[in-house]
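Student: all I have is the shape, not the residue letters:
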C-alpha cells in the first residue's frame with residue numbers, strides 16, 4: 001500500500017507538471033532571460049527525476065504482485081498456421097487443440113451414356129445414370145497435441161448424401177512424435193499406401209482419385225481403415241510399415257474381420273527449388289480375408305465407379321471372389337510410383353499388379369495404372385511434404401481479393417487411367433466351363449480438369465470424365481456368353497471445396 005501511495009502521489013505530481021507542457025516548453029524553448037532559462041531547466045530535471053522514481057517503484061512492485069499470486073500461469077494463446085488455420089495452444093507450446101474439417105460439395109451429371117447391349121442392365125446398372133448433387137465429404141473434428149510429443153485427431157464424416165461410403169468415424173488416431181523424423185501411429189485413419197492415397201483429398205488435382213489407385217487399396221488399405229505402424233522420413237526419403245484391420249464401418253458381429261499389412265518406401269532422386277523427381281515402391285498383403293457371418297465364405301470384391309461419385313454405380317467390379325467351395329485365402333498387391341515437377345508443371349503416375357488367392361482355384365490376377373499431368377498457369381507449384389512422402393496442393397501466391405485486384409491460382413490437368421479386372425477368361429465359354437474365370441471388365445478413363453484456388457482454404461474444381469468400359473458376358477442369364485455388355489460414359493462435375 002505504501003508503494004501504491006507513492007506511485008499515486010508521484011503520478012499526480014508528474015501529471016500536474018506535464019499537464020501544462022505548452023507553457024513550460026514555450027518558456028524553455030524561448031527564454032527571455034537567463035533566470036527563466038535556469039528555472040525551466042530545473043523543472044525539467046525535476047520531472048525526469050520523478051519519472052525515474054516511478055519506474056523504479058514499478059520494478060519493485062512487480063515481484064510483490066507475483067508473490068501475492070504464486071500460482072498464476074501464463075495464459076493460453078491462439079496460434080495461426082502458415083495456411084491460416086487456428087488453434088488454442090498452451091503458453092509452453094506443449095498442449096493444443098484445434099477444430100478441423102472439410103466440405104466437398106459435388107454437382108454434376110452424365111450425358112451420352114451408351115451401353116453396348118440393350119438386353120439387360122450392366123452389373124446391375126440401369127440404362128441411365130442419375131444426375132444430382134452430392135455432399136461428397138462433410139467432415140468435422142478436432143486435432144492437437146499432448147505433452148509435446150503426442151498428437152491426436154478425431155474426425156467424423158457426416159456427408160455422403162449419394163456416395164456409398166458410410167457415415168462414421170473417418171479418423172481417430174494417436175501419434176507419437178517424440179523421436180525426430182519418426183511417427184508411431186495407432187487408430188483409424190487414411191493410409192499411406194499408394195502415392196494417390198497418401199495425398200489428401202484436399203490436395204488431389206482431380207475431384208476423385210484415379211480408379212487405378214483406388215482398386216489397389218481395396219484389399220486392406222484406403223480410407224477409414226484401422227491401422228498401427230510407423231513411418232520414418234527425411235528431406236529425401238520416406239519408409240513406412242503398417243498392420244491394418246477392418247474399416248470403422250465394418251460389422252464386428254459373428255464375422256471374421258479383415259487383417260493385412262502394407263509397406264511403402266520412396267526417395268527423392270532429385271530435389272531443388274525448381275524441380276524434383278520422386279520414385280517409390282509399394283507392397284500390400286491381405287493376411288486374413290473377411291466374411292460376413294457364420295457359414296458365409298471369406299470373400300473380397302474389387303470395384304470402383306468411373307472416377308465420379310454423382311451416381312455411385314460401379315460398372316467395374318469383380319463381384320465376390322470367394323465362395324463356400326473356394327474361399328479367398330489371401331492376396332498381394334505390389335507396384336511402383338513416380339512423380340516429378342519442374343517449376344509450375346507437375347507429373348504423377350503409378351502402376352499396380354495384384355492377385356487374390358482362392359482355395360482350389362488359380363489366383364485371380366489384375367493390373368491397373370494411371371498417369372496425370374498439371375500445369376499451373378499462374379506460376380505456383382506443388383511442394384514435396386517429407387512427412388507423408390507426397391506432394392502438397394497449390395497455394396496461391398496472390399489470393400483472390402477484389403480490393404487488391406488479385407485472382408488466386410489456376411491449374412489445368414489431364415489424367416489417363418487403365419484398370420483390368422479380367423482374369424483367366426475365355427470369351428464365348430460358359431461360366432461352368434471356366435471356373436477360374438473372373439470377368440470384372442476393363443476401363444480406360446480420360447479425365448480433364450480445371451482448378452481455381454481462391455486461397456489456401458477455398459477452391460473450385462471442374463472435371464470432365466470419359467469412360468470406355470468393355471466387358472463380355474460371362475454370368476448374365478438370358479444373354480449369350482461373350483456378348484458385349486460394356487458402355488461408354490461421359491460425366492461432368494463441379495466441386496466446391498472449403499477446408500479449415
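Tutor: Received, thanks. Fair warning: this is a prediction, and the values are worked out from it, not measured in the lab.
Student: helices along the stretch 51-200 of the chain, start to end?
Tutor: 195-198 (DSSP state H, counting those that start in this stretch).
Student: strands of the stretch 401-500 of the chain, start to end?
Tutor: 409-423, 438-453, 458-470, 487-499 (DSSP state E, counting those that start in this stretch).
Student: including mean pLDDT and distance to residue 353, could those strands go into JSON lines?
Tutor: (Each C-beta comes from the backbone N, C-alpha and C, glycine too.) Listed next are the strands of the stretch 401-500 of the chain as JSON lines, based on pLDDT from 0 to 100; distance: least, Cβ to Cβ, whole Å:
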{"stretch": "strand 409-423", "mean pLDDT": "98", "distance to residue 353": "10"}
{"stretch": "strand 438-453", "mean pLDDT": "97", "distance to residue 353": "15"}
{"stretch": "strand 458-470", "mean pLDDT": "97", "distance to residue 353": "20"}
{"stretch": "strand 487-499", "mean pLDDT": "96", "distance to residue 353": "26"}
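Student: dump those into a markdown table; add distance to residue 132 as well.
Tutor: Shown next, in a markdown table, are the strands of the stretch 401-500 of the chain (distance: least, Cβ to Cβ, whole Å):
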| stretch | distance to residue 132 |
| --- | --- |
| strand 409-423 | 23 |
| strand 438-453 | 20 |
| strand 458-470 | 15 |
| strand 487-499 | 10 |
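Student: adding mean neighbour count, write the ones you listed out as CSV.
Tutor: Shown next, in CSV, are those (neighbours: other Cβ atoms under 10 Å):
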stretch, mean neighbour count
strand 409-423, 21
strand 438-453, 21
strand 458-470, 19
strand 487-499, 19
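Student: OK, contacts around the residue sitting nearest the centre point of the chain?
Tutor: Taking Cα atoms, centre = their mean, the centroid of the chain lies closest to residue 200, which sits 2.3 Å from it. Going by Cβ atoms under 8 Å, 6 or more residues apart in numbering, residue 200 touches 190, 393.
Student: just residue 101 next, same as before
Tutor: Per Cβ under 8 Å, 6+ apart, neighbours of residue 101: 138, 139, 140, 141, 155, 499, 500.
Student: right, and residue 430 touches residue 481 too?
Tutor: Yes: between residue 430 and residue 481 a contact is recorded at 5.4 Å, counting by Cβ atoms under 8 Å.
Student: look at the two and report which has more neighbours.
Tutor: Just comparing residue 430 and residue 481: by other Cβ atoms under 10 Å the higher neighbour count belongs to residue 481, 18 against 13.
Student: next, show the common contact partners of residue 430 and residue 481.
Tutor: Between them, residue 430 and residue 481 share the contacting residues residue 474, judged by Cβ under 8 Å, 6+ apart.
Student: pretty sure residue 199 contacts residue 390?
Tutor: Yes: taking Cβ under 8 Å as the definition, residue 199 is a contact partner of residue 390 at 4.6 Å.
Student: what is the closest residue to residue 137 other than its chain neighbours paired to in the beta sheet?
Tutor: In space, and not counting its chain neighbours, residue 137 is closest to residue 104: 4.1 Å by Cβ to Cβ, 6 or more residues apart in numbering. Here residue 104 sits in beta bridges with residue 137, residue 497, going by DSSP bridges.
Student: do you know how far residue 104 is from residue 110?
Tutor: Using Cβ to Cβ, to the nearest Å, residue 104 is found at 19 Å from residue 110.
Student: repeat for residue 298
Tutor: In terms of Cβ to Cβ, residue 298 sits 35 Å off from residue 110.
Student: same check, this time on residue 290
Tutor: Counting by Cβ to Cβ, the separation of residue 290 from residue 110 is 32 Å.
Student: then residue 256?
Tutor: As judged by Cβ to Cβ, residue 256 and residue 110 stand 38 Å apart.
Student: can you check residue 448 too?
Tutor: Separation of residue 448 from residue 110 (Cβ to Cβ): 16 Å.
Student: what sits against residue 92?
Tutor: Contact analysis of residue 92 by Cβ under 8 Å, 6+ apart lists residue 74.
Student: pLDDT weak spots in the protein?
Tutor: Within the chain, the stretches with pLDDT under 70 are 1-39, 58-73, 118-127, 161-166.
Student: show me how it divides into domains.
Tutor: According to automatic domain parsing, the chain is divided into the following domains: 2-68, 77-499.
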